[in-house]
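In: Got a predicted structure here, sequence first:
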Amino acid sequence: MNRELILKNVSPSWLGGYLEVHESLGSTNDRARELLDERGPSAHGAVVIASAQTRGRGRLGRTWLSAPGLSLALSVALWPLEGEPSPSLALAGSLAAARALRDEVGLSPRLKWPNDVLLGRRKVAGVLLEGRYAGEGAAGLVLGIGVNLNQEREDFPPELRDSAVSAKQASGRPVSLEAFAAALLRPLSGLLALGLADPAALVDAAASWWDHELDEELEVQTGEGAVRGRFAGVGREGELRLRCGAGGVAVRFGEVARVRTAGGARAAREDGGRP
Ligand code: BTN
């Protein structure tokens, strides 16, 4: 991957002033964390990019596969200046990936709570927000974004072939990793700044991108078991709000395990996200 090609297409900003580009790394999140260890607050805005990872991590202890040239792994080191960061900050990553897929590749992605990016019903990108703690509070954060760009169906392991998709599968065209990295960094700069200053405003910015329809029935796997209810929106801190009977619950961590379709509304989006 060519670092200059990426830089040529992004305007100078607080994000990516320090930019490392690797062909292969263990995990870009680990490297961004090392930068926080080494540089402290001055690592704020440093970006690490790799076109392959040997130990990529996903949410909920899962592995994230990044084979050479097929996907983009990008992590940002952050040192928020005030207070506890909101979990909704991860939305900056998913929203930036969704905008880049729309603007650079011409697709119509949607967001699945908490921060997956979907094309049709399949996942094209995921986000992992990790805290680095020292003493009492957070001493740095790492926001990691993984995007499937050039995989064919057989490049995914058999168990993921029906749930994962690449931008190339959906658009029919290969995607330049450098062009996509630049297209991701462009919106990410403003979205992260927004999320750091006003987390609720970031939730508002994502409002029209959710793949969940109001009142649609969702089942969410949480650490304490499954919760069912009707989608009532995403709250100020990024929590999923569900209506259950006469009451409601707010789910902060988990995975939307099943989405019931109402009147086949989703079938129309089974085309892999082409507009
Ligand atoms: C998920 O959906 O489970 C989150 C996937 C996050 C993957 C990215 S790739 C860049 C960064 N480095 C990692 O090891 N993980 C994140």
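Out: Nice, thanks for sending it over.

In: Please report the number of neighbouring residues for the residue of the stretch 151-275 of the chain found nearest the ligand.
Out: In the stretch 151-275 of the chain, the residue that lies nearest the ligand is E255 (9.3 Å; C-beta to the nearest ligand atom). For glycine as for every other residue, the C-beta is placed from the backbone atoms N, C-alpha and C. Look at E255: counted by other C-beta atoms under 10 Å, it has 15 neighbours.

In: same deal with A52?
Out: Neighbours of A52 (other C-beta under 10 Å): 19.

In: same question, E130
Out: When neighbours are counted by other C-beta under 10 Å, E130 comes out with 18.

In: give the contact list for it.
Out: Residues in contact with E130 (C-beta atoms under 8 Å, 6 or more residues apart in numbering) are 29, 33, 141-142, 144.

In: That one: what secondary structure?
Out: With DSSP: H, G, I helix; E, B strand; the rest coil as the basis, E130 sits in strand.

In: Show me what it bridges to in the sheet.
Out: Assessed by DSSP bridges, E130 has beta-bridge partners V142.

In: Let me see the ranges of the helices in the stretch 51-200 of the chain.
Out: Ranges of helices within the stretch 51-200 of the chain are 90-105, 167-171, 177-197, 199-206, based on DSSP state H, counting those that start in this stretch.

In: got the residues of this protein near the ligand?
Out: 27-29, 53, 56-59, 62, 64, 73, 75, 116, 126-128, 144-146 (C-beta under 6 Å from any ligand atom).

In: Quick check: the residue of the stretch 151-275 of the chain closest to the ligand touching Q221?
Out: Yes: contact criterion C-beta atoms under 8 Å: E255 and Q221 qualify, at 4.9 Å.

In: Residue of this protein closest to the ligand, please.
Out: Using C-beta to the nearest ligand atom, the closest approach of the chain to the ligand is made by G126 at 2.0 Å.

In: Share the number of residues neighbouring that residue, please.
Out: Neighbours of G126 under the rule other C-beta under 10 Å: 24.

In: Which pLDDT does the model give it?
Out: Confidence at G126, expressed as pLDDT, is 97.

In: Report the contact partners of it.
Out: 58-59, 64, 115-117, 145-146.

In: try 6 Å this time
Out: Counting by C-beta atoms under 6 Å, 6 or more residues apart in numbering, G126 touches 58, 116, 146.

In: same deal with S24?
Out: S24 is in contact with A52, counting by C-beta under 6 Å, 6+ apart.

In: what residue ranges in the stretch 101-250 of the chain are flagged as low confidence?
Out: Where the stretch 101-250 of the chain drops to pLDDT under 70, the residues are 134-138.

In: Which residue ranges of the protein form strands?
Out: Assigned by DSSP state E, the chain shows strands spanning 19-22, 47-50, 71-78, 110-112, 116-119, 122-134, 137-148, 217-222, 225-234, 240-244, 247-251, 255-259.

In: which of those is buried the deepest?
Out: With neighbours taken as mean count of other C-beta atoms under 10 Å, the strands of the chain reach their highest mean count in strand 71-78, at a mean of 27.

In: That one pairs with which strands?
Out: strand 47-50 (antiparallel), strand 137-148 (antiparallel).

In: can you give me the angle that strand makes with strand 122-134?
Out: Angular relation of strand 71-78 and strand 122-134 on a 0 to 180 degree scale: 30 degrees, by axes from the mean of the first three to the mean of the last three C-alpha atoms, to 10 degrees.

In: can you give me how far strand 71-78 is from the chain middle?
Out: With C-alpha atoms, centre = their mean, to the nearest Å as the basis, strand 71-78 stands 10 Å off its chain's centre.

In: swap in stretch 46-66?
Out: Remark: stretch 46-66 is offset 12 Å from the chain centroid, using C-alpha atoms, centre = their mean.

In: try stretch 200-210
Out: Using C-alpha atoms, centre = their mean, the offset of stretch 200-210 from its chain centre is 14 Å.

In: How about stretch 73-81?
Out: 13 Å.

In: and the residue at the greatest distance from the centre of the chain, what are its phi and psi?
Out: Among the C-alpha atoms of the chain, the one most distant from their mean position (C-alpha atoms, centre = their mean) is that of A246, at 32.9 Å. When read as degrees, to the nearest 10, the backbone of A246 gives phi -80, psi -10.

In: distance of it from E219?
Out: 19 Å (C-beta to C-beta, to the nearest Å).

In: No further questions, thank you.
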